[in-house]
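Enquirer: Make a model of this:
(2 chains)
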Protein chains: 2
Amino acid sequence: MRFLHTADWHIGKKLHGFDLVEEQQDAYEQIKKIAVDEQVDAVVIAGDLYDRSVPNETSVNQLGNMLVDLNLKHHFPLLAISGNHDSAPRLRTGSSWFKATDFYLNTKLSQALTPVEFPDTQFFLLPYFEPFEARQYFKDDKIRTVQAAMVKIVAAMRAQFDPAKKHVLVAHFFAAGSSHVDSETQVMVGGLNAIPVDDLADFDYVALGHLHGKDALHADRVRYSGSPLKFSVSEANQQKGVWIVDTDPFKLTFKPLKPLRDVRVLTGAFEDLTSPEFYKKQAVNDYLSIQLTDQRVIPNVMQALRDVYPNVIELERVGGPVATGDELATIDPHLDPMELMDQFFEQTTDAPLTDQQQKWAQTALQLANKED
Amino acid sequence: MRFLHTADWHIGKKLHGFDLVEEQQDAYEQIKKIAVDEQVDAVVIAGDLYDRSVPNETSVNQLGNMLVDLNLKHHFPLLAISGNHDSAPRLRTGSSWFKATDFYLNTKLSQALTPVEFPDTQFFLLPYFEPFEARQYFKDDKIRTVQAAMVKIVAAMRAQFDPAKKHVLVAHFFAAGSSHVDSETQVMVGGLNAIPVDDLADFDYVALGHLHGKDALHADRVRYSGSPLKFSVSEANQQKGVWIVDTDPFKLTFKPLKPLRDVRVLTGAFEDLTSPEFYKKQAVNDYLSIQLTDQRVIPNVMQALRDVYPNVIELERVGGPVATGDELATIDPHLDPMELMDQFFEQTTDAPLTDQQQKWAQTALQLANKED
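Expert: Model (predicted):
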């Protein structure tokens, strides 16, 4: 059989305060088109459907409509699990009715041990879980880590294996040895709450969610799909997309998604970035982390950049320290307050105080002196 | 056909801080038993399934399990609408799948105009709505009130009437001329956001939700079912229950519900209420509004009452003003602070300060004097 593997939709997530409703909808439409074009037999969503345990009404509507569209309109079987960002009780609302149309949404550890059966493949849908849930389920107080729990869970799944079929695990956790980006630091994931890839060797494929980059882990048959959208500047260099998985013979194909508005880093001098010759060749509506190489003070710099690039999400100086300190040092501290203000204003705005502004400043200073 | 009419479950509601999870479950089990015993063809829930637009996870689980039980386990068709306490987008999660098992959950005005068809009856399920929704739906800016909207809505419903069938409206609003209790004041509901009963004359029955007492309105075929539980002391004298409605020939039967813990008013003197001869004959776990007839100061009165009645939700003095003021007036204000404290302590606790307490008090007074 053939299925589509996606994860980490994080419906409702904001990017530095910007709403991503349109981007989410656009990415969804691309995913659906891939599912249709590739004639997949099922769509797997490996957790974190929502960004928050209590999504707002817009998010509830948006995800709800996507699931109705995929399952009820396009008749794709859906295989989904709750992730650490989802509230399991909220996400499972209505799920008892979903099975009738082959929509399997697992939110409890216990559900993972009964496979969803396709003619040639068994799917084990393991939601995100905490060690205490495994302790309760297996009545084993010695289970203190996700890793210890997984040994028991995999053994219980193996007991359900139909040898005539392929076996796919859908899960939401850290795989040991995977890496994720957090700003510019690559973090290697290890320790007792990460699952060694070797422990998953019994499965023909493991469809993971949790990390947002498809290259977070380098294993042939244990894969993160990554998120459909870039959710932070640290993901700017990731190619987002979904996997198309053929189970027999096994074949894995990555299908890229094209962002409606990309998340990019733009580096340069203020003069260059704001000159029409440059920005007319830019997708100015992208979400931009702007790295300015200038060292000088630039008045109202954020507003000036946003006049050209409305969706600036981050502004950093990468040309060394801004020269504010040095310039201020040239101001004689023995000047009277009015003269000091005059000089400071001119340095930061490149214009002297107007007569009206001088009057306001003088009145304010007089009031301040009186209060002494 | 025969159906059960209930409403205003308010799952998640608290009574003066007390959780009602057990009471809700108990009332639900009684409602289900009535539906089974009476062999009803459908269960109507006329809005306010939840108490809050964002119910907590316990409430989501509880209502979810009730609906699964009624519809998927006991195979009752369900006819439900959102009320003013429900978030329509949240409540409708999954509802596109529900229809397959005859569970109709309407949360949009537009859905109300397509009847749910039974062999001999048409149900029009009208969710709670605001005038602006009717303005948008009918593209008529003159609709400023619920009453004006209802004239249009009823006309549109009438256009769908099958003359061979009976016609039932399920709705959640104020019916003009109905009354509701708020503490001891009976409030008559009228005005432009109340619906005149005469405007509903085309229906064979109108199953209403919104008001919590079945006797809020006196009309033969327009009825509030009331809530399954008493949700405030002002509802203490209401008999809670559900209606069993036969459509042809028309017949209405009230089926009372027995509260797990009742909400009651208990009036008497402290001595009497806390004497074993009295309270041993009481259901001491009921939620009680205690109306004390005493006028004297009673030390730690709430704790003393809760030792006997753990679920006191309200304490009022109905014997006239408590005599604190008068008694304090007998204390000579010219006494020194230590003597004043001594007298006050004895008056309120009926015991003098012990030696140890006297020492503590003196130390505290000395410290206070030092700080002067």
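
Enquirer: Show me the shaky parts of chain A.
Expert: Per-residue confidence of chain A (counting by pLDDT under 70) places the weak regions at A:179-192, A:323-333, A:347-350, A:371-372.

Enquirer: and the residue of chain A found nearest chain B, what does it touch?
Expert: Ranked by CB to the nearest CB, the top residue of chain A for proximity to chain B is A:G94, at 1.8 Å. The way it works is simple: take the backbone N, C-alpha and C, and place the C-beta from them, glycine included. Under the criterion of CB atoms under 8 Å, 6 or more residues apart in numbering or on different chains, the contact list for A:G94 reads B:G64, B:T93, B:G94, B:S95, B:W97, B:F98.

Enquirer: Make CSV from these and add secondary structure to it.
Expert: CSV is the format used below for the contacts of A:G94 (DSSP: H, G, I helix; E, B strand; the rest coil):
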residue, secondary structure
B:G64, helix
B:T93, coil
B:G94, coil
B:S95, helix
B:W97, helix
B:F98, helix
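
Enquirer: and A:L315, how many residues sit next to it?
Expert: Residue neighbour count, defined by other CB atoms under 10 Å in any protein chain shown, stands at 14 for A:L315.

Enquirer: my guess is it contacts A:I290, does it?
Expert: Yes. Counting by CB atoms under 8 Å, A:L315 sits close enough to A:I290 to count as a contact (5.2 Å).

Enquirer: okay, and the common contacts of the two?
Expert: Common contacts of A:L315 and A:I290 (CB under 8 Å, 6+ apart): A:L305.

Enquirer: wait, A:L305 sits on A:T274?
Expert: Yes. Taking contacts as CB under 8 Å, A:L305 lies within contact range of A:T274: 7.0 Å.

Enquirer: Neighbour count: those two, which is higher?
Expert: Shown here are A:L305 and A:T274; by other CB under 10 Å, A:L305 has more neighbours (20 against 17).

Enquirer: Need the three-state assignment for the more buried one.
Expert: Each residue gets one of three states, and A:L305 gets helix by three-state DSSP.

Enquirer: OK, contacts around A:I244?
Expert: Under the criterion of CB under 8 Å, 6+ apart, the contact partners of A:I244 comprise A:R2, A:F3, A:L4, A:H5, A:I34, A:E38, A:V40, A:L252, A:T253, A:F254, A:K255.

Enquirer: Show me which of the residues you listed are buried.
Expert: Of the members of those, the ones counted as buried by neighbours, 16 or more other CB atoms under 10 Å in any protein chain shown, are A:R2, A:F3, A:L4, A:H5, A:I34, A:E38, A:V40, A:K255.

Enquirer: Among those residues, which lie within strands?
Expert: Counting by DSSP state E, the members of these that fall within strands are A:R2, A:F3, A:L4, A:H5, A:K255.

Enquirer: would you turn these into a markdown table with distance to chain B?
Expert: Formatted as a markdown table, the entries for these read as follows, by distance: CB to the nearest CB, whole Å:
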| residue | distance to chain B |
| --- | --- |
| A:R2 | 25 |
| A:F3 | 21 |
| A:L4 | 21 |
| A:H5 | 23 |
| A:K255 | 27 |
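
Enquirer: Would you mind measuring the gap between the ends of stretch A:107-121?
Expert: For stretch A:107-121, the first-to-last residue distance is 21 Å (CA to CA, to the nearest Å).

Enquirer: Quick check: buried residues in that stretch?
Expert: Taking 16+ other CB under 10 Å as the neighbour-count basis, stretch A:107-121 is seen to contain the buried residues A:T107, A:L109, A:Q111, A:A112, A:P115, A:V116, A:F118, A:T121.

Enquirer: which of the residues you listed are close to chain B?
Expert: For chain B, no contacts are drawn from the buried residues of stretch A:107-121 by CB under 8 Å from any CB of the partner chain.

Enquirer: taking the residues you listed one by one, which sit in strands?
Expert: A:V116, A:T121.

Enquirer: domain ranges for chain A?
Expert: A:2-256, A:263-317, A:329-371 (automatic domain parsing).

Enquirer: Of the ones you listed, which stretch is the most buried?
Expert: For those, the stretch with the most neighbours on average is domain A:2-256, a mean of 19; neighbours defined as mean count of other CB atoms under 10 Å in any protein chain shown.

Enquirer: Turn the domains of chain A into CSV, including distance to B:R52.
Expert: Formatted as CSV, the domains of chain A follow (distance: least, CB to CB, whole Å):
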stretch, distance to B:R52
domain A:2-256, 12
domain A:263-317, 34
domain A:329-371, 50
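
Enquirer: Quick one: closest of these to B:A46.
Expert: The minimum distance between B:A46 and the domains of chain A falls on domain A:2-256, with 20.5 Å, by CB to CB.

Enquirer: First-to-last residue distance for the closest one?
Expert: With CA to CA as the measure, the ends of domain A:2-256 fall 17 Å from one another.

Enquirer: The stretch 201-350 of chain A: strands as residue ranges?
Expert: A:205-209, A:222-224, A:241-247, A:250-256, A:263-268, A:287-292, A:312-317 (DSSP state E, counting those that start in this stretch).

Enquirer: hmm, I was thinking of the stretch 1-150 of chain A
Expert: Here the stretch 1-150 of chain A has its strands, by DSSP E, counting those that start in this stretch, at A:2-6, A:14-15, A:18-19, A:42-46, A:78-81, A:103-106, A:116-117, A:121-125.

Enquirer: In its sheet, which strands sit next to the fourth one, and in what direction?
Expert: Looking back up the chat, that one is strand A:42-46. Paired neighbours of strand A:42-46 in the sheet (DSSP bridges): strand A:2-6 (parallel), strand A:78-81 (parallel).

Enquirer: gap between A:T93 and B:Y50?
Expert: Shown here: A:T93 relative to B:Y50, a distance of 11 Å by CB to CB, to the nearest Å.

Enquirer: do A:F345 as well
Expert: Computed with CB to CB, the distance linking A:F345 and B:Y50 is 58 Å.

Enquirer: With A:K230 instead?
Expert: Applying CB to CB, the value for A:K230 to B:Y50 is 36 Å.

Enquirer: next one: A:D48
Expert: As defined by CB to CB, A:D48 lies at a distance of 25 Å from B:Y50.

Enquirer: A:I31 now?
Expert: According to CB to CB, A:I31 and B:Y50 sit 32 Å apart.

Enquirer: where does chain A come near chain B, residue by residue?
Expert: Checking chain A against chain B by CB under 8 Å from any CB, the hits are A:54, A:57, A:60-61, A:64, A:68, A:72, A:87, A:89-90, A:92-98, A:100-101, A:103.

Enquirer: switch the cut-off to 7 Å
Expert: For chain A, the contact set with chain B under CB under 7 Å from any CB of the partner chain comprises A:54, A:57, A:60-61, A:64, A:68, A:72, A:87, A:89-90, A:93-94, A:96-98, A:100-101.

Enquirer: Which of those fall within helices?
Expert: Secondary-structure check on the residues of chain A next to chain B using DSSP state H: residues within helices are A:E57, A:V60, A:N61, A:G64, A:P89, A:R90, A:S96, A:W97, A:F98.

Enquirer: For the last one, give me its contacts.
Expert: In this case it means A:F98. A:F98 is in contact with A:L105, B:W97, counting by CB atoms under 7 Å, 6 or more residues apart in numbering or on different chains.

Enquirer: Kindly report the same for the fifth one.
Expert: By CB under 7 Å, 6+ apart, the contact list for A:P89 reads B:E57, B:V60, B:N61.

Enquirer: 10 Å - rerun?
Expert: With contacts defined as CB atoms under 10 Å, 6 or more residues apart in numbering or on different chains, A:P89 is in contact with A:53, A:82, A:107-108, B:55-62, B:64.

Enquirer: Ignoring the adjacent residues along the chain, who's closest to it?
Expert: Ranked by CB to CB, 6 or more residues apart in numbering or on different chains and with sequence neighbours excluded, the top spatial neighbour of A:P89 is B:E57, at 4.1 Å.

Enquirer: show me what contacts the spatially closest residue to A:Y104 that is not a sequence neighbour?
Expert: Nearest non-adjacent residue to A:Y104, counting by CB to CB, 6+ apart: A:V116, 4.9 Å away. A:V116 makes contact with A:42, A:77, A:79, A:99, A:102, A:104, A:106, A:122-125, A:168, A:170, according to CB under 10 Å, 6+ apart.
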